[in-house]
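Visitor: When you get a sec, could you give me coordinates for this:
(one chain, ligands or ions: 1)
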Amino acid sequence: MDAFIIEGGNQLQGEVSISGAKNAVLGIIPAAVLCACTSKIENVPDIKDVNKMIDILEKLGAEIYKEQDTVIINTEKPISYDVSDYEEETGQMRASYYLLGALLGRYRKAIVPLPGGCNIGDRPIDQHIKGFQALGATVVIEHGQVKMEAPELKGAHIFLDVVSVGATINIMLAAVRADGKTVIENAAKEPHIVDVANFLNLMGANIKGAGTDVIKITGVDEMHGCEYSVIPDQITTGTYMMAAAATEGDVLLKNVIPKHMEAITAKLTEMGAIVKEEDNGIRVIGKRPLKAINVKTMPYPGFPTDLQQPMAVLMTIAEGTSTITESIFESRFKYVDELRRMGANISINGRTASIIGVKNLSATKIRATDLRAGAAMVIAGLIADGETKVTDIVHIDRGYEKLQENMRNIGADIRRVSE
Ligand code: EPU
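Guide: Residues are numbered from 1 along each chain as shown. Presented below is the predicted three-dimensional model:
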């Protein structure tokens, strides 16, 4: 297992170019199997979850070529709709659930193991299943596998009980190949929903309303390959913005979409950081002391749950008492014990963490309990006095491309060691 060793105290300065969005590309790659065709996808981040998804599709029979950040997916020969043999691979990420929608759309059949992913609370897929059933699929879950069959896939009116990124994308993936019109109400509006919809539309799908809470899809008989470039990663951008603010740095983030960052920009500004939109990106200048603020995670355009953990680190050194309420996942506070070991003053009451700012964090050995908690631990290490060791960084590798190299380029003293 690799670990990061971080010598805290350096102010981050320089530029980072942001890679493609993990949670968009993990929907786009499975979408590429919806027809017998070849698609070229650019701005694909080199991260473990993406490489695992490519590996699974290759095992199912797709021909995939990868060069730098471009991935070409050729599914002209039929691929298997049965993923049951690859439980180990699918169990290492959440997004393997998109194989359900994509394979059901193309073959009217799919057998896919239940997904894995970060352990951040109860993560049912009942809304995905409700959507597939509404489209006409019979769904059986046995021996850890979701087995679906739909002799006829027909458009339907689906009202999601909770706003779900995964269910919205998964239903879109199947509905684009259904007969007739599907309406998804209470749909998620995240930038990656729009990105997957744009990719599907370029493949010949007919999706309207992505980015609003009502998505209308008219099924098509034919789809074709396309060329597409994935949007920049909102959460990666936010992570570097917070690292800059926490270290009193001055960092320009390039290849970003400022509109996607508004909730984060607003909160960092409230804390006293300077966030400027420049021609070629977003510049963040950190000013200490940071001011205490209150944050509640919400579906987009609200403050993203995936940045709750990094934000908590900033609050640990902000002047006054901050609160952070997690309204999406009920146990996304596992990392708090690690921050307490660094001297943070945090108490948890239900879904709200109250954080009384301390002068500084003190370096020690801490653990990345999941992907975004891992990013938070890196930021904690950057501001702590002394040498921090972050273990279990395999979680970080799932979702951040070249974190260590990028951080080093802007002045962080961080190195990777193998244990
Ligand atoms: N939910 C249900 N039933 C469902 C689906 C979701 O009750 O069928 C609930 C969940 O338990 C949760 C809420 O609805 O309380 C929202 O879950 P959502 O379905 O939106 O999350 P997800 O699809 O499991 C994706 C991202 C997560 C991100 C969330 C929220 C991917 C692969 N994962 O998860 O990303 O936190 O949306 O934005 O896209 C990460 O990148 O670190 C990460 C965890």
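Visitor: When you work out contacts or count neighbours from here on, use the C-alpha atoms and nothing else.
Guide: Fine.
Visitor: Mind checking what secondary structure Ala167 has?
Guide: Secondary structure, DSSP: H, G, I helix; E, B strand; the rest coil: Ala167 is helix.
Visitor: so it sits right up against Arg123, yeah?
Guide: No. Checked against Cα atoms under 8 Å, the pair Ala167 and Arg123 is beyond contact range at 11.5 Å.
Visitor: Looking at those two, which has the bigger crowd around it?
Guide: More crowded of Ala167 and Arg123, by other Cα atoms under 10 Å: Ala167, with 26 against 14.
Visitor: Relative to the ligand, how far out is the more buried one?
Guide: The spacing between Ala167 and the ligand, counted by Cα to the nearest ligand atom, to the nearest Å, is 6 Å.
Visitor: Now do that residue, the pLDDT please.
Guide: On the pLDDT scale, Ala167 is placed at 98.
Visitor: and the nearest residue to it once chain neighbours are set aside, what element?
Guide: Leaving aside its sequence neighbours, Ala167 sits nearest to His128 (Cα to Cα, 6 or more residues apart in numbering; 4.5 Å). Assigned by DSSP states H and E, His128 falls within helix 126-134.
Visitor: and that helix, what does it pack onto?
Guide: Judged by 3 or more Cα pairs under 8 Å, 6 or more residues apart in numbering; DSSP states H and E, helix 126-134 is in contact with strand 138-142, strand 157-159, helix 165-175.
Visitor: what's the burial count for Ile419?
Guide: Actually, residue 419 is Glu rather than Ile. If you count neighbours by other Cα under 10 Å, Glu419 ends up with 7.
Visitor: contacting residues around it?
Guide: For Glu419, the contact set (Cα atoms under 8 Å, 6 or more residues apart in numbering) comprises Met1, Asp2, Ala3.
Visitor: ok so, going back, averaging pLDDT over each of the helices and strands packed on helix 126-134, which comes out lowest?
Guide: Mean pLDDT values for the helices and strands packed on helix 126-134 show the minimum at strand 138-142, a mean of 95.
Visitor: Give the bridge partners for the closest residue to Gln133 other than its chain neighbours, please.
Guide: Among residues not flanking Gln133 along the chain, Val139 sits closest, at 6.9 Å (Cα to Cα, 6+ apart). The partner list for Val139 in beta bridges (DSSP bridges) reads Met148.
Visitor: what residues are up against the residue of the chain most remote from its centre?
Guide: Among the C-alpha atoms of the chain, the one farthest from their average position, using Cα atoms, centre = their mean, is that of Pro151, at 33.0 Å. Applying Cα under 8 Å, 6+ apart, we find Pro151 in contact with Arg108, Gly136, Ala137.
Visitor: Relative to Arg332, which of those is nearest.
Guide: Using Cα to Cα, Ala137 comes nearest to Arg332 of the contacts of Pro151, at 32.9 Å.
Visitor: How many residues are close by that closest one?
Guide: Neighbourhood size, Ala137 [other Cα under 10 Å]: 23.
Visitor: cool, Lys296 as well?
Guide: For Lys296, the count of nearby residues is 17 (other Cα under 10 Å).
Visitor: what sits against it?
Guide: By Cα under 8 Å, 6+ apart, the residues touching Lys296 are Phe303, Ile324, Thr325, Glu326, Ser327.
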